[in-house]
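In: Give the three-dimensional model of this entry:
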Amino acid sequence: MRAIKLSKPGGLDNLKPAAIEIAEPQCGEVRIRNHASSLNFHDYVVALGLIATDDGRIPMSDGAGVVEAVGAGVTEFKPGDKVISCFFPHWADGRANSLAKVSGVPGDNVDGFAAETVTMAASAFTLMPADYTFEQAATLPCAALTAWRALMVEARVKPGDTVLVQGSGGVSVFALQFAKAAGCHVIATSSSNDKLERLRALGADQLINYRECENWGDKVLEITAGGGADVIVEVGGSGTLPQSVRAVAMGGHISMIGVLTGFQGDVPTAELFQKNAVISGITVGSRSHQQDMVNAININGIKPVIDRSFDLEQLADAFRLQESQQHFGKICITV
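Out: Numbers count the residues shown, from 1 in each chain. Next up is the predicted model:
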């Protein structure tokens with residue numbers, strides 16, 4: 001069966017096609033015929049070799065496919081079921097209160113979904129939304145679940161809340177969609193006026209070009225008549241966090257998701273505690289969170305925004321598009 005393997009020391013030119021054997025499912029396992037994957041920033045960092053992996057690792061954390069065979073003791077799935085992967089296969093529910101729960105990430109700690117066939121524990125999968133294509137479903141396990149947990153689990157958004165999303169990557173677009181489905185007012189930021197108009201078409205109520213408005217935290221306060229944003233989906237990191245603190249409402253919530261602008265930086269702590277605001281670190285979510293998200297999608301019909309799809313052998317080219325930051329929404333891989 002076809003796969004892509006990453007050889008050390010990493011780098012996009014070290015993503016090479018390979019043939020792999022089909023692994024039969026053992027007790028508690030399922031084997032799926034994988035049909036799609038999608039790119040996340042985490043996958044990109046792995047591909048560059050910035051996260052240490054075994055030589056010959058099969059990358060990609062997200063997968064969507066059909067169950068082909070089940071091992072002894074598996075009752076939740078049967079051949080023919082359409083499933084998606086879990087980013088944290090060992091985090092069933094509850095809080096992320098142990099390293100064990102956040103280990104075993106596909107494409108990182110173990111072989112992932114840049115392959116035609118994958119055999120893993122049944123607990124590493126959930127059913128995918130009923131009317132999704134495999135490509136649509138493959139966008140969910142990392143980006144969508146991160147947005148879901150940020151808004152629904154940690155911030156507990158309610159109708160009428162003001163939510164700020166940053167940029168037009170996968171997490172931010174899903175956050176916009178989930179927030180609008182929950183009846184929230186959404187402010188979106190981007191450096192591109194063209195992308196801002198696309199965010200408007202998805203339901204964003206107010207738009208801010210952060211290149212034209214460097215102190216966009218003040219702009220958020222102006223838009224909200226001084227109230228600020230109840231929830232901020234923070235994907236930038238150190239470069240944007242001070243503006244997020246400025247923009248957040250009294251008693252508001254900043255869901256800290258990404259570090260696209262840097263790993264360390266100053267935090268305006270006085271303003272943060274004066275506002276009685278909360279910053280929550282978000283690393284995707286649990287299997288239970290994913291099941292709740294899929295149930296919500298089945299009810300409200302949200303569809304992912306996919307910029308472009310590549311064949312499995314074009315994985316490096318897909319990462320180069322991601323690297324260019326020219327995409328809008330998710331980039332998919334057809335397996």
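In: Going by C-alpha atoms from here, please, whenever you check contacts or count neighbours.
Out: OK.
In: Pull the number of nearby residues for A296.
Out: Under the neighbour criterion other C-alpha atoms under 10 Å, A296 is assigned a count of 15.
In: Contact partners for A150?
Out: If you count contacts by C-alpha atoms under 8 Å, 6 or more residues apart in numbering, A150 has them with 233, 255, 282.
In: which SS state does it fall under?
Out: Three-state call for A150 (DSSP: H, G, I helix; E, B strand; the rest coil): helix.
In: hang on, the earlier thing: and which of the contacts of A150 is nearest P59?
Out: Among the contacts of A150, I282 lies closest to P59 (C-alpha to C-alpha), at 21.9 Å.
In: Check the gap between that closest one and C142 for me.
Out: I282 is 11 Å from C142, where distance means C-alpha to C-alpha, to the nearest Å.
In: cool, A122 as well?
Out: For A122 relative to C142 (C-alpha to C-alpha), the value is 18 Å.
In: Can you show me the helices along this structure?
Out: Under the criterion DSSP state H, the chain contains helices at 41-47, 134-138, 145-148, 170-181, 193-201, 216-223, 241-247, 269-274, 287-300, 315-324.
In: now the longest one: mean pLDDT?
Out: Looking at helix 287-300 alone, the average pLDDT works out to 97.
In: do the last one as well
Out: Mean pLDDT, computed over helix 315-324, is 97.
In: now for the helix or strand bottoming out on mean pLDDT in the chain, which elements pack on it?
Out: With mean pLDDT, DSSP states H and E as the measure, the helix or strand of the chain carrying the lowest mean pLDDT is helix 269-274 (a mean of 90). Using 3 or more C-alpha pairs under 8 Å, 6 or more residues apart in numbering; DSSP states H and E, the elements in contact with helix 269-274 are helix 241-247.
In: how deep is N97 tucked in, by neighbour count?
Out: That count, for N97 with other C-alpha under 10 Å as the rule, works out to 9.
In: same deal with the one 5 residues further on?
Out: A count of nearby residues for V102, using other C-alpha under 10 Å, gives 18.
In: if we can go back for a sec, neighbour count for A122 and C142, which is higher?
Out: For A122 against C142, the residue with the higher neighbour count under other C-alpha under 10 Å is C142, and the figures read 27 against 23.
In: Do I have it right that that one meets G63?
Out: No: with contacts counted by C-alpha atoms under 8 Å, C142 stays clear of G63, the gap being 10.0 Å.
In: picking up where we left off before, nearest to H35, out of the helices of the chain?
Out: Where the helices of the chain are weighed against each other on C-alpha to C-alpha, the nearest is helix 134-138, at 6.2 Å.
In: chain center to the closest one, what's the gap?
Out: Its chain's C-alpha centre and that of helix 134-138 lie 13 Å apart, by C-alpha atoms, centre = their mean, to the nearest Å.
In: Show me what it is packed against.
Out: Right, helix 134-138 is packed against strand 29-38, strand 64-70, strand 330-334 by 3+ C-alpha pairs under 8 Å, 6+ apart.
In: Could you single out the most deeply buried of those strands?
Out: Most buried of these by mean neighbour count (mean count of other C-alpha atoms under 10 Å) is strand 29-38; its value is a mean of 26.
In: just to revisit the earlier point, mind putting the helices of the chain in a markdown table, distance to S7 included?
Out: As requested, the helices of the chain are arranged in a markdown table below (distance: least, C-alpha to C-alpha, whole Å):
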| stretch | distance to S7 |
| --- | --- |
| helix 41-47 | 9 |
| helix 134-138 | 24 |
| helix 145-148 | 29 |
| helix 170-181 | 27 |
| helix 193-201 | 36 |
| helix 216-223 | 42 |
| helix 241-247 | 35 |
| helix 269-274 | 43 |
| helix 287-300 | 30 |
| helix 315-324 | 13 |
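In: tell me the contacts of the residue lying closest to G10 once chain neighbours are set aside?
Out: In this structure, G10 finds its nearest non-sequential neighbour in G49, 4.0 Å apart by C-alpha to C-alpha, 6 or more residues apart in numbering. By C-alpha under 8 Å, 6+ apart, the contact list for G49 reads 8-11.
In: now swap in N40 and tell me
Out: Counting by C-alpha under 8 Å, 6+ apart, the residues that N40 touches are 142-143, 170.
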